[in-house]
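Peer 1: Make a model of this:
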Amino acid sequence: MGEPKLNCWEYKKCGREPGGTNEKELGVCPAALPSEVDGSNEGEFAGRCCWLVAGTFCEKEIPGSYAKNLIHCLHCDFLKQVSKEEGRKFVMVPKVMLKKGHVIFSESS
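Peer 2: As a prediction, the model looks like this:
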């Protein structure tokens with residue numbers, strides 16, 4: 001058996017998951033909440049496709065709009081790790097999002 005596949009909050013150790021060390025101060029990260037992409041790339045909620053979630057808090061700052069977030073995320077060591085771990089099964093945008101006609105989601109969708 002290989003290494004366990006981590007969700008972004010486990011990999012980054014941000015403490016923004018429910019019950020995490022930074023939950024009270026910074027709030028729960030939207031990637032750590034139930035969403036339509038649960039299970040994508042074998043993650044919990046959006047934990048292994050966090051690059052699609054508006055309002056994530058990487059490197060102690062919110063990158064801003066989806067476009068800025070994605071550009072930032074394309075250079076992220078976590079996205080690269082997920083891609084490597086998943087290999088040919090890697091999903092940049094889950095089908096459920098494409099079927100709904102949108103590529104991004106936020107807390108309000």
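Peer 1: Please name the residues that touch the residue lying closest to residue 86 once chain neighbours are set aside.
Peer 2: Once flanking residues are discounted, residue 86 sits nearest to residue 41: 5.3 Å by CB to CB, 6 or more residues apart in numbering. Placement of C-beta: from N, CA and C, glycine included. Listed by CB atoms under 8 Å, 6 or more residues apart in numbering, the contact partners of residue 41 are 5, 48, 49, 82, 85, 86, 89, 90, 91.
Peer 1: tell me the centre residue of this protein?
Peer 2: Closest residue to the average C-alpha location of the chain: residue 50 at 1.3 Å, with CA atoms, centre = their mean.
Peer 1: Contact partners for that residue?
Peer 2: The contact partners of residue 50, taken as CB under 8 Å, 6+ apart, are 8, 29, 31, 56, 58, 73, 78.
Peer 1: From what I see, the fifth one and residue 72 are in contact.
Peer 2: It refers to residue 58. Yes: shown here, residue 58 and residue 72 form a contact pair, counting by CB atoms under 8 Å, at 7.0 Å.
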